[in-house]
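Peer 1: Below: sequence and its predicted model.
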Amino acid sequence: MRSGKDIIILDAGSGLRALGRALLAEFRNRPLSLTLLLTHTHWDHIQGLPFFAPIYDSRCHLRILGGKGARKGLINALTGQMESTYFPVPFARLPSNIEIEELRDFNLNIGSVSVRAQRAHHPGLCVGYRLLSPGGSVVFFPDAESRPSGEDHDMIQFVHGADVLILDSQYDTTEYKKHIGWGHGCVDDSVALALKAGVKQLCLFHHDPDHDDKRIDGLVDHARRLVAGQRAKLKVTAARELQTVELPFKPVSRRN
Ligand SMILES: [Zn+2]
Ligand SMILES: [Zn+2]
């Protein structure tokens, strides 16, 4: 997320590799100062970090904030994946300036962006973030099992009125029935939550690895039919690589 000079990265999945290259190309001779907000330390949310090129640049400053990691703390969760069993470059040898902080305060400011965190229904300690910038608000819940049909009042309150909600919508209802309690949501519940919370745009996320593009397009169509059935205005898209959303609202565009 960009707001003025502030660059906030949400989670460190495999997309971090392409982002790192793009940032280095853009900033070339200028030092990068970045904040990374982690929702939790499950592997799909941290595995991109060793492949994030800016951490090999001595001029880069990276502040990482996240929950304490299920057992060993946030620092051990992040540095452990760079031990010699798993990776050739140990964390301690990185030339960049990296600060890792466990999230103690669920309300904080990062430059021009005010950030709130809330726990998500997901195994271990996992949070979602609400980011309010001068351009608008974005809520990010990549891993969250919404309660049936948007009946989760804490979530509805936290998400309320967001310009963009990026939400775990991994399953359809049939798949979800086989995965209740796994900590991931289904499209129908995501739509119900977004409608109840008066969200403007819902971005389906945490796609199932077994869903191809066609299947995801089908889930988006299904979500749009649910919205139309309620005569609501909610816009639904599926998150995709290199997608850009501009706030205040402009049409969604792709960089490539
Ligand atoms: Zn997870
Ligand atoms: Zn995940």
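Peer 2: Yes, it's here. Ligands and ions are numbered 1, 2, ... in the order given.

Peer 1: Can you classify the residue of the stretch 101-250 of the chain found nearest ligand 1 by secondary structure?
Peer 2: In the stretch 101-250 of the chain, the residue that lies nearest ligand 1 is Asp143 (3.9 Å; CB to the ion). Just so you know, the C-beta spots here come from the backbone N, C-alpha and C atoms, and that holds for glycine as well. What DSSP: H, G, I helix; E, B strand; the rest coil gives for Asp143 is coil.

Peer 1: Leu24 now?
Peer 2: helix.

Peer 1: Does stretch 40-55 reach ligand 1?
Peer 2: Yes - residues of stretch 40-55 are located near ligand 1 by CB under 5 Å from the ion, namely His42.

Peer 1: now stretch 110-130
Peer 2: No - judged by CB under 5 Å from the ion, stretch 110-130 and ligand 1 are separated, with a smallest distance of 5.5 Å.

Peer 1: Quick one: residues contacting the residue of the stretch 101-250 of the chain closest to ligand 1.
Peer 2: With contact set as CB atoms under 8 Å, 6 or more residues apart in numbering, Asp143 has these partners: Thr39, His40, His42, His45, Ala120, His122, Cys126, Asp168, Gly183, His184, His206.

Peer 1: neighbours around the first one, how many?
Peer 2: Using other CB atoms under 10 Å, Thr39 is surrounded by 25 other residues.

Peer 1: So for the helix or strand containing Leu132, mean pLDDT?
Peer 2: Per DSSP states H and E, Leu132 falls inside strand 127-133. Per-residue pLDDT values across strand 127-133 average out to 97.

Peer 1: now do stretch 194-207
Peer 2: pLDDT averaged over stretch 194-207 gives 97.

Peer 1: Enumerate the positions of it that are buried.
Peer 2: Neighbour-count burial for stretch 194-207, counted by 16 or more other CB atoms under 10 Å, picks out 194-197, 199-207.

Peer 1: what's the answer for stretch 120-130, then?
Peer 2: Ala120, His121, His122, Leu125, Cys126, Val127, Gly128, Tyr129, Arg130.

Peer 1: and the gap between the residue nearest to the fifth one when sequence neighbours are not counted and Arg21?
Peer 2: The reference is to Cys126. Leaving aside its sequence neighbours, Cys126 sits nearest to His40 (CB to CB, 6 or more residues apart in numbering; 3.8 Å). Here His40 is placed at a distance of 25 Å from Arg21 (CB to CB, to the nearest Å).

Peer 1: Name every strand pairing with the strand holding Leu132 and say which way it goes.
Peer 2: Sheet partners assigned to strand 127-133 using DSSP bridges are listed as strand 113-119 (antiparallel), strand 136-141 (antiparallel).

Peer 1: Deepest-packed of those strands, please.
Peer 2: Comparing the strands paired with strand 127-133 by mean neighbour count (mean count of other CB atoms under 10 Å), strand 136-141 ranks first with a mean of 24.

Peer 1: Determine if any part of that strand is in contact with ligand 1.
Peer 2: No - Strand 136-141 stays clear of ligand 1 (CB under 5 Å from the ion), getting no nearer than 11.0 Å.

Peer 1: what's in contact with that strand?
Peer 2: With CB under 8 Å, 6+ apart, strand 136-141 has contacts from 1, 10-11, 39, 120, 128-131, 155, 158-159, 161-168, 199, 247-249.

Peer 1: Check the offset of whichever helix or strand Leu19 is part of from the chain's centre.
Peer 2: Leu19 is part of helix 16-27 when elements are defined by DSSP H and E. Mean-position distance between helix 16-27 and its chain equals 18 Å (CA atoms, centre = their mean, to the nearest Å).

Peer 1: Also stretch 48-64?
Peer 2: With CA atoms, centre = their mean as the basis, the mean position of stretch 48-64 lies at 18 Å from the chain mean.
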